[in-house]
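> need coordinates for the below:
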Amino acid sequence: MRATFVLLLAGAMMSGGAPQAQTGATPPPAGGTPDQMPYDVPYGVPINLERARQVLAAAEAEALKRNWKMNIAVVDTHGDLVHFVRMDGAQLASVTIAQNKARTAARWRRESRVFYNAYETGHPYLGTLDPQLAASPGGFPLIEGGKLIGALGCSGGTGDQDAVICKVGADLIR
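Next comes the predicted model:
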């Protein structure tokens with residue numbers, strides 16, 4: 001019986017069965033290797049309350065003009081809340097979403113729409129990177145003088161409506 005097992009094992013190894021099992025399939029490419037780090041925005045001095053109020057006021061004024069009820073959050077470079085407004089009648093579920101969009105934009109140093117686009121093109125692994133990641137339009141990093149000082153997040157409408165409102169506030173910082 002032992003001799004039969006040894007013969008079967010030797011036959012499997014000679015037929016190439018063992019090496020195939022060891023090598024496995026080649027993993028798919030991860031999108032190539034860029035020459036430079038993407039989204040390599042240096043951190044600056046975090047946004048202060050007065051500046052956060054100005055950014056938020058601009059976004060809120062645009063939302064009022066369009067009659068869109070929004071939740072709007074400004075966070076510092078760490079993604080921690082500096083200033084927030086929930087407009088009258090704004091969707092309650094969007095309170096946390098606005099903050100998460102801002103946090104995502106600050107911590108990842110890019111627009112939250114980037115993650116939405118990645119999901120839409122078949123990259124769901126992003127959800128494993130951060131449980132608070134907001135893969136939806138409406139989160140903008142605030143970059144002043146080439147440095148990240150915070151981020152703005154809006155929620156209450158569609159993703160594109162949220163982005164329109166946030167862009168107005170983000171455009172104050174340059």
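> could you point out the longest strand of this structure?
The strand of greatest length in the chain, counted in residues with DSSP state E as the criterion, is given as strand 147-155.
> after it, next one along is what?
Next helix or strand after strand 147-155 toward the C-terminus (DSSP states H and E): helix 159-170.
> so which bits of that following helix are buried?
Taking 16 or more other Cβ atoms under 10 Å as the neighbour-count basis, helix 159-170 is seen to contain the buried residues 159, 161-170. C-beta coordinates here come from the backbone N, C-alpha and C atoms, glycine included.
> nearest to residue 123, of those residues?
residue 159 (17.3 Å; Cβ to Cβ).
> ok, that closest one - contacts?
With contacts defined as Cβ atoms under 8 Å, 6 or more residues apart in numbering, residue 159 is in contact with 113, 116, 136-138.
> strands of this structure, residue ranges please.
Applying DSSP E to the chain gives strands spanning 71-75, 81-86, 139-144, 147-155.
> all helices for this protein, in order.
If you assign secondary structure with DSSP state H, the helices in the chain sit at 2-14, 17-23, 49-66, 94-108, 113-120, 159-170.
> and which of the contacts of residue 159 is nearest residue 151?
residue 138 (10.8 Å).
> quick check: closest non-adjacent residue to the closest one.
For residue 138, ignoring the flanking residues on the chain, the nearest one in space by Cβ to Cβ, 6 or more residues apart in numbering is residue 162 at 2.9 Å.
> with residue 90 instead?
Among residues not flanking residue 90 along the chain, residue 69 sits closest, at 4.2 Å (Cβ to Cβ, 6+ apart).
> distance of that neighbour from residue 154?
Residue 69 sits 11 Å away from residue 154 when distances are taken as Cβ to Cβ, to the nearest Å.
> okay, the two: which has more neighbours?
residue 154 (36 against 16; other Cβ atoms under 10 Å).
> what sits against that one?
If you count contacts by Cβ under 8 Å, 6+ apart, residue 154 has them with 59, 63, 70-73, 98, 101, 138-139, 162-163, 165-166, 169.
> residue 148 contacts residue 110, correct?
No. Here residue 148 lies out of contact with residue 110, judged by Cβ atoms under 8 Å, at a distance of 9.9 Å.
> common neighbours of the two, please.
Taking Cβ under 8 Å, 6+ apart as the contact criterion, the common neighbours of residue 148 and residue 110 are residue 141.
> just the pLDDT for residue 131.
Note for residue 131: predicted pLDDT of 85.
> same thing with residue 123?
Confidence at residue 123, expressed as pLDDT, is 85.
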